Structure formats: structure tokens, C-alpha cells
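show me the folded form of this:
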Amino acid sequence: MLNFIICDDNVEFTKYMKDLIDKFMMNYDMDYKCILRHDYDQKFREVVAKEIGFKVYFLDIQTEHSSGLDAARCIREEFDDWVSIIVIITAYNQYKYDALSNRLYLLDYINKLDNCENKVKEVLEVSIKHYDHRYKTLSYEYNHIIHKVEYRHIIYIEKEPDSKKCKIKTTYGENYINATINQMDKILEKDARFVKVSRSMIINVDQVSEYDPHEGKLVFNNGETTYQVSRDYKKELKQRVGCDS
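Next up, the predicted model:
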């Protein structure tokens with residue numbers, strides 16, 4: 001999932017930015033979301049902390065109560081996110097040097113009053129390229145939309161009953177793919193994170209918090225539990241999750 005987080009205390013400007021992004025993304029059959037915030041408050045921090053996929057931040061340099069540079073520092077240092085894209089967007093040019101010299105790895109500093117629309121488009125083009133070449137990603141089309149799910153965010157893949165499609169459960173939601181569980185197993189078999197545990201489920205062992213081989217009980221990091229581990233797959237699963245019992 002591609003997420004654009006826009007934080008600006010000017011409500012009209014956040015809507016303007018959302019419209020720009022929506023218009024740009026019409027050229028891409030890609031799953032994305034715009035998240036609008038108006039201050040660097042607790043709700044903003046919750047977005048920063050949450051695993052929702054790839055993030056592109058457009059941050060106002062100064063809101064009523066806080067600074068965009070402090071927000072960028074929070075993203076990079078406090079939450080240790082050195083991967084998301086951060087862009088400062090403001091009407092004040094005098095902060096440009098400070099912004100770009102703070103070692104916060106900002107992609108750009110855009111002046112709202114100077115060719116803003118074209119510069120935002122340029123940033124969006126770079127963001128799409130960066131998104132396409134990041135982590136190992138499962139890319140597929142479903143209902144005429146291109147979805148990209150990073151392997152690290154996949155919790156499990158489960159066959160839909162009486163169907164030739166599968167549910168992909170991720171750290172930020174779920175989606176579907178027109179493929180059988182055997183086809184998904186073939187796609188993922190070279191990645192050590194994934195192991196088939198039954199005829200209808202593939203799991204990401206990095207997302208497993210607990211496994212009881214006696215009960216066949218799997219607990220995932222998100223708190224979900226399954227008992228779908230088949231006898232034929234128990235031995236391999238024990239080895240993959242480092243279970244000695």
C-alpha cells in the first residue's frame with residue numbers, strides 16, 4: 001500500500017494537495033491512500049507508528065503548535081524510519097537551508113508559491129520509482145487495480161473456500177488475489193520467510209510470535225490465532241520457527 005500523509009494546518013491546502021495526488025495517481029492503477037492531518041499531534045504520531053506500508057510525507061514547516069522539522073526528526077530518529085520519503089512544503093523560503101542541512105534525508109523542499117503543482121508532480125514521480133524498487137514485493141492485479149505488498153508485511157495467505165482466489169492478510173489489512181494456494185506457494189517458495197502449513201495456508205514465519213506443535217496452534221504478531229497446521233507440515237514448521245519441543 002502506498003500512503004501519502006499530508007500535514008498542514010491550512011485545511012484548504014491539504015485538500016488541494018489531495019486533489020493533486022488523486023489526479024496524478026489516475027495515471028497508475030495502484031492501490032494508495034491519502035491521510036490528512038492538520039497538526040503534529042498524537043493522531044499524527046499514530047500514523048507514523050503504524051505499519052501501513054510505504055509512506056510519503058508532505059509536511060508543513062510550521063503548524064500552530066509544532067514544527068515540520070521536529071516531525072521529520074520524530075519520523076527518522078524516534079521511530080527509526082529512514083525509508084519513508086519526507087518532503088517539506090511551505091510558503092517560507094528562509095527555512096530551506098535549515099531543513100536541508102539537518103541530516104533528515106529530505107527528498108525536497110517545495111515553496112507553495114513557486115510552481116508548486118509541477119514540483120509536487122516531480123516528487124510523486126520519484127516516489128513511485130522509489131516505491132517500485134524498495135523491498136521485495138508481491139505485485140499483482142485484482143479488480144483492475146495494481147497492488148504491491150511487501151513480503152515483510154504479509155502475515156499469511158489463505159485459500160478462499162470453494163474459490164480459485166486467496167486472501168492476503170497483511171499488517172495493515174487484507175486483500176485478495178486471483179491465484180490458488182499452490183500458485184502462491186510457487187511464487188514464494190524461494191523466500192525463506194514463507195512456509196506452507198496446510199493445503200490452504202502459507203505463513204510468514206517472521207510474523208509468528210508463538211507456536212505450540214502439540215496443539216498445532218499458531219499465534220501471529222497481530223494477535224490472530226490459527227490451528228490450521230497440518231501433520232504433514234509440522235516438522236518443517238518446527239524447524240523454521242526454531243521450536244525445540
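
every contact and neighbour count from this point should use C-alpha atoms.
OK.

would you mind finding the longest helix in the protein?
helix 116-132 (DSSP state H).

pLDDT (mean, whole number) over stretch 230-245?
Across stretch 230-245, the average pLDDT comes to 74.

one more: stretch 80-97?
83.

quick one: buried residues of it?
81, 84-90, 96 (16 or more other C-alpha atoms under 10 Å).

I'd like to know which elements the longest helix of the chain is packed against.
Applying 3 or more C-alpha pairs under 8 Å, 6 or more residues apart in numbering; DSSP states H and E, we find helix 116-132 packed against helix 11-25, strand 108-111.

can you lay out the ones you listed as JSON lines showing mean neighbour count and mean pLDDT?
Formatted as JSON lines, the helices and strands packed on helix 116-132 follow (neighbours: other C-alpha atoms under 10 Å; pLDDT from 0 to 100):
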{"stretch": "helix 11-25", "mean neighbour count": "15", "mean pLDDT": "95"}
{"stretch": "strand 108-111", "mean neighbour count": "20", "mean pLDDT": "87"}
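
I'd like these as CSV, with distance to Gly53 appended.
Shown next, in CSV, are these (distance: least, C-alpha to C-alpha, whole Å):
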stretch, distance to Gly53
helix 11-25, 17
strand 108-111, 21
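
can you say which of those is nearest to Ile187?
Nearest to Ile187 among the helices and strands packed on helix 116-132 is helix 11-25; the distance by C-alpha to C-alpha comes to 27.8 Å.

immediately after the closest one, which helix or strand?
Heading C-terminal from helix 11-25, the first helix or strand you meet, by DSSP states H and E, is strand 32-37.

what element comes up after that next one heading to the C-terminus?
The element immediately downstream of strand 32-37 (helix or strand, assigned by DSSP H and E) is helix 42-49.

can you tell me what sits against that following helix?
Residues outside helix 42-49 that contact it (C-alpha atoms under 8 Å, 6 or more residues apart in numbering): 37, 75, 79.

same question for it, mean pLDDT?
For helix 42-49, mean pLDDT is 94.

tell me which of the buried residues of stretch 80-97 fall in strands.
85-90 (DSSP state E).

dump the residues you listed into TSV; add distance to Phe194 as well.
Formatted as TSV, those follow (distance: C-alpha to C-alpha, whole Å):
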residue	distance to Phe194
Ile85	28
Ile86	32
Val87	35
Ile88	38
Ile89	40
Thr90	44
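
between those, which is closest to Ile128?
Of these, the one sitting nearest to Ile128 (C-alpha to C-alpha) turns out to be Ile85, at 10.6 Å.

okay, now the domains of the chain?
2-132, 138-241 (automatic domain parsing).

chain center to the longest one, what's the gap?
In other words, domain 2-132. Counting by C-alpha atoms, centre = their mean, to the nearest Å, domain 2-132 is centred 15 Å from the centre of its parent chain.
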